[in-house]
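*Asks:* dropping the sequence and predicted coords here.
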Amino acid sequence: PPLRPSTYSAYSGYAHLGAGLTVGMSSLAAGLAIGIVGDAGVRANAQQPRLFVGMILILIFAEALGLYGLIVGLVVASTAEGKGKGLCSSYAA
């Protein structure tokens, strides 16, 4: 069903905006961390091959940043549905 201004509150709009920004920024940070660690890890692995396991562990922790951001974004977006119904009056009324 299409969203109408009378049923979509400002609270829900800001909650969805916050959820989107949370997911986007955490994914950006995770990608940046993975890129930096991957670059340094490949260079270090070429010089000393026993650093491979440590590099993989750091990459896993960097990926967890993106997953935590996704979980927080889903929680924020799902709690915005029922709240904020009577906070603002409609412009159409």
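*Replies:* Right, received. Where do you want to start? Residues are numbered from 1 along each chain as shown.
*Asks:* switch to C-alpha atoms for all contacts and neighbour counts from now on
*Replies:* Fine.
*Asks:* does residue 15 really touch residue 81, like I thought?
*Replies:* No - the pair residue 15 / residue 81 is not scored as a contact, 9.1 Å apart, by Cα atoms under 8 Å.
*Asks:* ok, those two, which is more surrounded?
*Replies:* Per other Cα atoms under 10 Å, whichever of residue 15 and residue 81 has more neighbours is residue 15, with 20 against 16.
*Asks:* for that one, which three-state class applies?
*Replies:* Three-state call for residue 15 (DSSP: H, G, I helix; E, B strand; the rest coil): helix.
*Asks:* oh, and call the first residue 470 from now on, that's how I've got it
*Replies:* From this message on, residue numbering opens at 470, which makes the last subject residue 484.
*Asks:* and it, what pLDDT?
*Replies:* pLDDT for residue 484: 89.
*Asks:* and residue 529, by the same measure?
*Replies:* At residue 529, pLDDT is 95.
*Asks:* tell me which residue lies nearest the centroid of this structure.
*Replies:* The C-alpha lying nearest the average C-alpha coordinate of the chain belongs to residue 492 (Cα atoms, centre = their mean; 1.7 Å).
*Asks:* if I look at that one, how far off is residue 505?
*Replies:* Note on residue 492: its distance to residue 505, by Cα to Cα, to the nearest Å, is 20 Å.
*Asks:* swap in residue 486?
*Replies:* 28 Å.
*Asks:* what of residue 495?
*Replies:* Going from residue 495 to residue 505 by Cα to Cα gives 15 Å.
*Asks:* okay, those two: which has more neighbours?
*Replies:* Legend: neighbour count by other Cα under 10 Å for residue 495 and residue 505, higher for residue 495 (22 against 12).
*Asks:* surely that one meets residue 534?
*Replies:* Yes - contact criterion Cα under 8 Å: residue 495 and residue 534 qualify, at 6.3 Å.
*Asks:* ok, then the element right after whichever helix or strand residue 489 is part of?
*Replies:* Applying DSSP states H and E as the criterion places residue 489 in helix 479-516. Counting by DSSP H and E, the element after helix 479-516 in chain order, helix or strand, is helix 521-548.
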